[in-house]
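Novice: model this:
(one chain, ligands or ions: 1)
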Amino acid sequence: MFDIAVVGAGPAGYSAAINARKRDKSVVVIGQNTGWLSRAESIDNYPGMPGVSGQAMLAAMRDQAAAMGAEMRPGVVHQIIPLGESFGLSLGADFIDARRVILCTGAKQPRLLPGEAELLGRGVSYCGTCDGMLYRGKRVAVIAQGPEAVSEANFLAGLCAAVDYYGAADEALTAKIRVLSDKPEAIMGEGHAQALKAGGEERAYDGVFIFREAMALSALLGGIEMDGAFIRVNRKMETSVPGVYAAGDCTGLPLQVAKAVGEGCIAALSAAQAL
Ligand SMILES: Cc1cc2nc3c(=O)[nH]c(=O)nc-3n(C[C@H](O)[C@H](O)[C@H](O)COP(=O)(O)OP(=O)(O)OC[C@H]3O[C@@H](n4cnc5c(N)ncnc54)[C@H](O)[C@@H]3O)c2cc1C
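Specialist: Below is the predicted model:
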């Protein structure tokens, strides 16, 4: 059990981790270095580091957090489950327990496909290693929009009769997998997913697996109050869910590194104080 789980490995998440470690709390940071900062060629408005590249800044933040004792876990948090005094964070087949959660998930929220939310758990899955056995000998589609897609598709190929992979070709994919460049448009089915609409046609599948680098907040933590597209917080960075804090781009404008690290610091101090 960790004191604090930080969801999202960007500047807000690393700042939260560094400041939680300064308060001697055990911390895990879940995510990979693929957030917005990694795409910035040069950051000129962050004090003390003129002209630094986004990737160099992110690597320095990560190294600092790790050196201070924060545990790093690559992966995507699929769901956060309140368990009374703590939270369970599901990362596909893995599960992490933490007493407090800080959401640092950035501004980019994936858009769900029509039919996805309705058929989740009924033919639609976010985890091959958890649900793959249900599709042994069957025909599945993989929608690949995140770093776990290749290994999960290979795992499914070992179980399923056929795997259609909607995403960029990757030499690590096993030969059995058929790569399709059509854009998935909707998931169809009455009570259970039965087909995927892509490239203007409907293709029949027994299951549809979706791998993204982030989750829609509504799926991540049910009942969290939003303010438009952003998570509603108070000045302590508390969300509407007791024990859950949020920081960085996911709480609103301006979408800037300085604001993200400032909020990450406040969220960590508030969470640490409440432990
Ligand atoms: C091209 C570009 C240039 C920019 N230039 C500047 C600049 O010059 N100055 C400046 O101040 N700002 C700049 N920005 C903005 C800056 O990058 C962001 O404000 C900052 O990165 C926000 O930090 P964050 O930690 O809140 O979110 P992010 O950096 O977006 O990190 C969020 C992370 O959380 C991950 N995540 C989301 N959901 C989950 C989940 N369920 N499980 C696990 N991980 C998850 C995401 O994949 C991502 O890695 C720029 C952005 C871009 C794209």
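Novice: quick one, longest strand in this structure?
Specialist: In the chain, ranked by residue count with DSSP state E as the criterion, the top strand is strand 94-103.
Novice: now for that strand, which elements pack on it?
Specialist: In terms of contact count using 3 or more C-beta pairs under 8 Å, 6 or more residues apart in numbering; DSSP states H and E, strand 94-103 is assigned the packing partners strand 2-7, strand 27-30, strand 87-91, strand 244-246, helix 257-273. Just so you know, the C-beta spots here come from the backbone N, C-alpha and C atoms, and that holds for glycine as well.
Novice: winner for burial among those?
Specialist: When you average the neighbours per residue for each of those (mean count of other C-beta atoms under 10 Å), strand 244-246 leads with a mean of 28.
Novice: anything in that strand near the ligand?
Specialist: No. Using C-beta under 6 Å from any ligand atom, we find that strand 244-246 stays clear of the ligand, coming within 9.4 Å at best.
Novice: Report the mean per-residue pLDDT for that strand.
Specialist: This predicted structure assigns strand 244-246 an average pLDDT of 98.
Novice: And for stretch 54-61?
Specialist: When pLDDT is averaged along stretch 54-61, the result is 95.
Novice: For it, buried residues please.
Specialist: When neighbours are counted by 16 or more other C-beta atoms under 10 Å, the buried residues of stretch 54-61 are found to be 54, 57-58, 61.
Novice: now stretch 209-223
Specialist: Going by 16+ other C-beta under 10 Å, stretch 209-223 has these buried residues: 209-215, 217, 219-221.
Novice: ditto for stretch 157-177
Specialist: Applying a neighbour-count criterion of 16+ other C-beta under 10 Å, the buried positions in stretch 157-177 are 157, 159-160, 162-167, 173, 177.
Novice: Return the closest of those with respect to Leu255.
Specialist: When the buried residues of stretch 157-177 are compared for distance to Leu255 (C-beta to C-beta), Gly167 comes out closest, at 27.1 Å.
Novice: residues touching that closest one, list them.
Specialist: The contact partners of Gly167, by C-beta atoms under 8 Å, 6 or more residues apart in numbering, come to 142-145, 149, 179.
Novice: Close to the ligand: what parts of the stretch 51-200 of the chain are there?
Specialist: Near the ligand, when you scan the stretch 51-200 of the chain using C-beta under 6 Å from any ligand atom, you find 76-77, 104-106.
Novice: buried sites along the longest strand of the chain?
Specialist: Using 16+ other C-beta under 10 Å as the test for burial, strand 94-103 gives 96, 98-103.
Novice: per the record, what domains does the protein have?
Specialist: For the chain, whose domains are defined here by automatic domain parsing, the residue ranges read 2-109+215-273, 116-212.
Novice: now Asp63: how far from Met72?
Specialist: When distance is defined by C-beta to C-beta, to the nearest Å, Asp63 is 10 Å away from Met72.
Novice: The two: which is more packed in?
Specialist: More neighbours surround Met72 than the other of Asp63 and Met72, with 17 against 11 (other C-beta atoms under 10 Å).
Novice: these two touch, right, the more buried one and Ala66?
Specialist: Yes. With contacts counted by C-beta atoms under 8 Å, Met72 reaches Ala66, the gap being 5.9 Å.
Novice: Out of the buried residues of stretch 157-177, which comes closest to Arg136?
Specialist: When the buried residues of stretch 157-177 are compared for distance to Arg136 (C-beta to C-beta), Leu159 wins out at 4.9 Å.
Novice: And the pLDDT at that closest one?
Specialist: Leu159 is assigned a predicted lDDT (pLDDT) of 95.
Novice: Alright, calling it a day.
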